[in-house]
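> starting from these lines, generate the structure:
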Amino acid sequence: MTTLSHPQAGGPTLREDARLIGLVGLAHAVSHFSQLVLAPLFPWLKEAFGVSYIELGAVLTVFFVVSCVVQAGSGFVVDKLGPRPVLFVGLGLLGVAAFGYAMAQSYWMLLASAVVGGVGNGVFHPVDYTLFNRKVAPTRLGHAYSVHGITGSLGWALAPLLVVSVTLAWSWRAALASAGVLVFAVLAVLLLNRDKLALKGAALSSGPDATGGNLDFLKIPAVWMCFAFFFFNAIVLSVVQAFAPEAARQLHGMPLTLVAMCLTIYMVCAAGGMVLGGFLAVDPSRCERIVGIGFGIAAMVALALALGSPPPSMVPVLFGIMGFASGIAGPSRDLLVKRSTPQNASGRVYGVVYAGLDIGQAVSPLVFGVLMDHGQYQGVLLGLALMQGILIASAFNVRRVRRTAAVPA
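Numbers count the residues shown, from 1 in each chain. Predicted coordinates:
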């Protein structure tokens, strides 16, 4: 199987690559930002709409289920029409969804806005990785993936900071409207730089991919192993974002102020780990080992939180170590998919593979939420360590399956 085509003859300059990576990273930050604008406002939304936390959680489940379906299908549109128009539509829908949340007069209006937001969120990974793999010099792909992961983490970190601050100062409606303004501001920036996001006509796919047909890439075992990898990766992310800090508080007696710090420190350290991971990923042949080392360290930290007795002040530090180790694995994780992708099928492959992220984020609360409701806080952290261990095995299994299928590295 052939790999993705290289950038245009002569190769892009460092400045051209940096500009493209920055624009794509900015859009990716908005995607992650939009995923977390509602959850920090649950206490206010619960009171405003007279609903339970389970019902509010269902809004997020709807968002990610819709995103999953759209993500799997949008890759075909990206390969056919190019990533730029799909990106603009996705950003616009995220902005519309934010304003829909802000104006909602009932719980059902929240659900309807979540559907709109899920459609918008579903386009980003096929768009982003198609732009990277088609336009960025191969020697700078590791850094592109690194920036992509960093901006996503920063988007997650910004969401609660912005919406909670604006809510405390004015109202939750003002906070969600502010989120909508931010999304449309980023869309305006990308529209002004739209020429940097265009593919040359020859780079677009108007026919079958290198495997022989539009759906033949689904027969590649490594694609489905990558899907499984991202499914478990999403469960890890979901547990860390939604349950692990509170589980650690219950086990180790942390004050609430430190609970809030755990997630922020995790995300910031994850971004730092991705910087290092971008340099390590320059050599694609070692990406499985980097993933194994990164998630191996993260799993040991999760076990220490579950079985050890660290002082409360050390718990945020342990979350930082876990985040940094996971961040190191990020760029190499994305290279696993790139090395399993046939020519002219980038959007389709990334759409299907990254749909695993949405499915994992939709399923995780159903399992780990039950553990939390039953006070099984140690079980939550042990489950987190188990999922990280499965990620290590999955990464090496991707390589085994790819080699068995005679896919060149």
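
> ok now the least confident helix or strand in the chain by mean pLDDT, how far from the chain's centre?
For the chain, using mean pLDDT, DSSP states H and E, the weakest element among its helices and strands is helix 346-373, scoring a mean of 78. When distances are taken as Cα atoms, centre = their mean, to the nearest Å, helix 346-373 is centred 10 Å away from the chain's centroid.

> over to stretch 249-258?
When distances are taken as Cα atoms, centre = their mean, stretch 249-258 is centred 27 Å away from the chain's centroid.

> buried residues, it. List them.
Neighbour-count burial for stretch 249-258, counted by 16 or more other Cβ atoms under 10 Å, picks out 249, 251-252, 254, 258. The C-beta positions use only the backbone N, C-alpha and C, and glycine is treated the same way.

> going by distance to residue 392, which of those residues wins?
Nearest to residue 392 among the buried residues of stretch 249-258: residue 251, at 24.4 Å, using Cβ to Cβ.

> next, the angle from the host helix or strand of that closest one to helix 346-373.
Under the criterion of DSSP states H and E, residue 251 resides in helix 244-252. Between the axis of helix 244-252 and that of helix 346-373 there is an angle of 30 degrees, by axes from the mean of the first three to the mean of the last three Cα atoms, to 10 degrees.

> whatever helix or strand comes next after helix 244-252 packs against which elements?
Note on helix 244-252: by DSSP H and E, the next helix or strand toward the C-terminus is helix 256-280. Taking 3 or more Cβ pairs under 8 Å, 6 or more residues apart in numbering; DSSP states H and E as the contact definition, the neighbouring helices and strands of helix 256-280 are helix 141-169, helix 221-242, helix 244-252, helix 287-307, helix 315-338.

> could I get the average pLDDT for the third one?
Mean pLDDT, taken over the full extent of helix 244-252, equals 88.

> can you tell me what sits against that helix?
Applying Cβ atoms under 8 Å, 6 or more residues apart in numbering, the contact partners of helix 244-252 are 254, 256, 258-260, 262-263, 302, 305-306, 309-312, 315, 319, 372, 375, 377-378, 380-381, 384.

> go again with 7 Å.
Counting by Cβ atoms under 7 Å, 6 or more residues apart in numbering, helix 244-252 makes contact with 254, 259, 262-263, 305, 310, 312, 315, 372, 377-378, 380-381, 384, all of which sit outside it.

> farthest-apart pair in the residues you listed, please.
Pairwise distances across the contacts of helix 244-252 peak at 20.3 Å for 310 and 372 (criterion: Cβ to Cβ).

> okay, those two: which has more neighbours?
Residue environment comparison for residue 310 versus residue 372 gives the larger neighbour count to residue 372, 18 against 15, counting by other Cβ atoms under 10 Å.

> now the closest residue to the more buried one other than its chain neighbours. Its backbone dihedrals?
Leaving aside its sequence neighbours, residue 372 sits nearest to residue 243 (Cβ to Cβ, 6 or more residues apart in numbering; 5.5 Å). Note on residue 243: backbone dihedrals following degrees, to the nearest 10 are phi -130, psi -40.

> for residue 80, see how far away residue 243 is.
With the distance defined as Cβ to Cβ, to the nearest Å, residue 243 ends up 40 Å from residue 80.

> which of the two has more neighbours?
The residue with the greater number of neighbours, taking residue 243 and residue 80 and applying other Cβ under 10 Å, is residue 243; the counts read 21 against 15.

> mind listing what the more buried one touches?
By Cβ under 7 Å, 6+ apart, the neighbours of residue 243 are 368, 372, 380.

> go on, residue 314?
Residues in contact with residue 314 (Cβ under 7 Å, 6+ apart): none are found.

> check it and give its pLDDT.
According to the predicted model, the pLDDT of residue 314 comes to 94.

> care to break this structure down by domain?
Listed by automatic domain parsing, the domain ranges of the chain are 14-193, 217-404.

> now render those domains as a markdown table, adding distance to residue 199.
Converted to a markdown table, those look like this (distance: least, Cβ to Cβ, whole Å):
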| stretch | distance to residue 199 |
| --- | --- |
| domain 14-193 | 5 |
| domain 217-404 | 11 |
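
> mean pLDDT lowest for which of these?
Among the domains of the chain, domain 217-404 has the lowest mean pLDDT, at a mean of 83.

> now for the helix or strand hosting residue 119, which elements pack on it?
According to DSSP H and E, residue 119 maps onto helix 107-121. Helices and strands in packing contact with helix 107-121 are listed as helix 14-35, helix 53-81, helix 83-103; criterion 3 or more Cβ pairs under 7 Å, 6 or more residues apart in numbering; DSSP states H and E.

> mind listing residues that contact it?
In this structure, residues lying in contact with helix 107-121 by Cβ under 7 Å, 6+ apart are 31, 34-35, 49, 51, 55, 59, 62-67, 70, 90-91, 93-94, 96-97, 100-101, 104.

> how close does the closest residue in space to residue 42 that isn't next to it in sequence get to residue 41?
Using Cβ to Cβ, 6+ apart and skipping residues adjacent in sequence, the residue nearest residue 42 is residue 56, 5.1 Å away. The gap separating residue 56 from residue 41 is 9 Å, by Cβ to Cβ.

> more neighbours: these two, which one.
Using other Cβ under 10 Å as the criterion, residue 56 and residue 41 rank with residue 41 on top: 23 against 19.

> OK, contacts around the more buried one?
With contacts defined as Cβ under 7 Å, 6+ apart, the neighbours of residue 41 are 163, 167, 172, 175.

> from these, which two are the most distant?
Every pair in these was compared (Cβ to Cβ); the two farthest apart turn out to be 163 and 172, at 7.6 Å.

> who has more neighbours, the two?
residue 163 (26 against 23).

> for residue 155, give its distance to residue 101.
With distances taken as Cβ to Cβ, residue 155 is found 17 Å from residue 101.

> oh, I was asking about residue 114
Separation of residue 114 from residue 101 (Cβ to Cβ) stands at 8 Å.

> got the contact list for residue 271?
Applying Cβ under 7 Å, 6+ apart, one finds that residue 271 lies in contact with 150, 153-154, 327.

> wait, I meant residue 156
Contact partners of residue 156, counting by Cβ under 7 Å, 6+ apart, are 32, 36, 267.
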